[in-house]
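# model this:
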Amino acid sequence: MAKGNGSKDSNSPHISVIIPTLNEEKYLPRCLNSLSEQRTDLIYEIIVADSDSTDGTIDIAKEFGNKVVIEHKRTISAGRNAAIRASEGDIIMSTDADTVFPPHWIERIAKRFKDPHVAMVYGPAMPNPSESNFIENAFAEFLKWLAYALFLIGIDFVAGSNLTIRKSTYDKIGGFNPELVTGEDTDLVRKAHKTGKVVYEPNAPVYVSMRRVQKWGYVKYITFHTMNFIRTYLLNKSYEKYEPVR
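Numbering: from 1, shown residues only. So this is what the prediction gives:
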């Protein structure tokens, strides 16, 4: 468990950061390092939900002192649910193993939950600067503010790598749909609107790996995620295939 200087109820965490994994030994160390360096007084725990990795993922998670649970279904939504079942926090922060975080990420997201009407907060997912180029960074900056514009007109363009939900909201809406291979983040935010306020926080980005963009290419990546968002948001039906990229 990672801790700030504050306390809630003895040593209970305020926040649970959940990370689904499958063969993530390459990226997980930098993810966990950046989480361990968060500048906050809040107490937070990190829970890794692993889908039977065959590399060193589980050992790495344990070396960092994190809680590890095993989920055999092997969908990212089932992994997120498994981690949440093992969590203790009032606030659930969902992210991915190929993601790194600025030092004030937890603090900036958590502040939005001081409003008791807030059910969910999400922020932008930007390219990891160590892997991206000028064009990719510029396009991501455009998407960041496009997401803000969409939010203002009632449309949520969310990423599971930067999505935080109040635990009581999660319980009310039944959590992530474990049958969804992708689009579980869009499905969750649609349900969260029924219970409270959903907030976009553009000043709390996370930085994600560009590995899928590099393997798929720009056209396939943009087309897939645009169409998947439309299918999930409007038709409540996401694509059924989303192969792992390692």
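
# per-residue pLDDT, residue 165?
Looking at residue 165, its pLDDT is 98.

# Equivalent analysis for residue 179, please.
Predicted confidence (pLDDT) for residue 179: 85.

# Next, count neighbours for it.
12 (other C-beta atoms under 10 Å). From N, CA and C alone the C-beta is placed, and that goes for glycine too.

# Next: the one 3 residues further on.
Other residues near residue 182 come to 21 when the count uses other C-beta under 10 Å.

# now swap in the one 10 residues further on and tell me
Other residues near residue 192 come to 25 when the count uses other C-beta under 10 Å.

# phi, psi of it?
With angles defined as degrees, to the nearest 10, residue 192 sits at phi -60, psi -30.

# Now it. Nearest residue, chain neighbours left out?
residue 120 (4.3 Å; C-beta to C-beta, 6 or more residues apart in numbering).

# Run through the residues that contact the one you found.
163, 164, 165, 166, 169, 188, 189, 192, 196, 198, 199 (C-beta atoms under 8 Å, 6 or more residues apart in numbering).

# and if we set it to 7 Å?
For residue 120, the contact set (C-beta atoms under 7 Å, 6 or more residues apart in numbering) comprises 164, 165, 169, 189, 192, 198.

# All the helices of this protein, in order from the start?
With helices called from DSSP state H, the chain shows them at 28-36, 57-63, 76-85, 105-112, 134-152, 167-173, 184-192, 211-216, 218-235.

# Now do the contacts for residue 176.
If you count contacts by C-beta under 7 Å, 6+ apart, residue 176 has them with 77, 80, 81, 184, 188.

# among the residues you listed, which two are most distant?
81 and 188 (10.5 Å; C-beta to C-beta).

# neighbour-wise, which of those two wins?
Neighbour totals were compared for residue 81 and residue 188, and residue 188 leads with 27 against 22 (other C-beta under 10 Å).

# Spatially nearest residue to the more buried one (excluding sequence neighbours)?
Distances taken as C-beta to C-beta, 6+ apart put residue 176 closest to residue 188, at 5.7 Å, once the chain neighbours are dropped.

# Residue 115 now?
Of all residues not flanking residue 115 in the chain, residue 197 sits nearest, at 7.0 Å (C-beta to C-beta, 6+ apart).

# how about low-confidence regions in this protein?
Within the chain, the stretches with pLDDT under 70 are 1-13.

# one more time with 80
Counting by pLDDT under 80, the chain has low-confidence residues at 1-13, 233-246.

# Go ahead and confirm residue 185 touches residue 163.
Yes. Between residue 185 and residue 163 there is a contact at 5.5 Å, judged by C-beta atoms under 7 Å.

# returning to what we had before: identify the residues contacting the residue nearest to residue 115.
117, 118, 119.

# repeat for residue 241
Residue 241 sits next to residue 181 when contact means C-beta under 7 Å, 6+ apart.

# switch the cut-off to 10 Å
For residue 241, the contact set (C-beta atoms under 10 Å, 6 or more residues apart in numbering) comprises 181, 182.

# how close does it get to residue 216?
Applying C-beta to C-beta, to the nearest Å, the value for residue 241 to residue 216 is 13 Å.

# same thing with residue 184?
From residue 184 across to residue 216, the span is 20 Å (C-beta to C-beta).

# between the two, which one's more packed in?
Neighbour count, other C-beta under 10 Å: between residue 184 and residue 216, residue 184 has more, with 26 against 16.

# Quick check: the more buried one touching residue 77?
Yes. Between residue 184 and residue 77 a contact is recorded at 3.7 Å, counting by C-beta atoms under 10 Å.

# Touching both of the two, which residues are there?
Counting by C-beta under 10 Å, 6+ apart, the common neighbours of residue 184 and residue 77 are 160, 175, 176, 177, 178.

# Next up, the contacts around the last one.
Pointing back at residue 178 there. Counting by C-beta under 10 Å, 6+ apart, residue 178 makes contact with 71, 73, 75, 76, 77, 78, 79, 80, 81, 82, 184.
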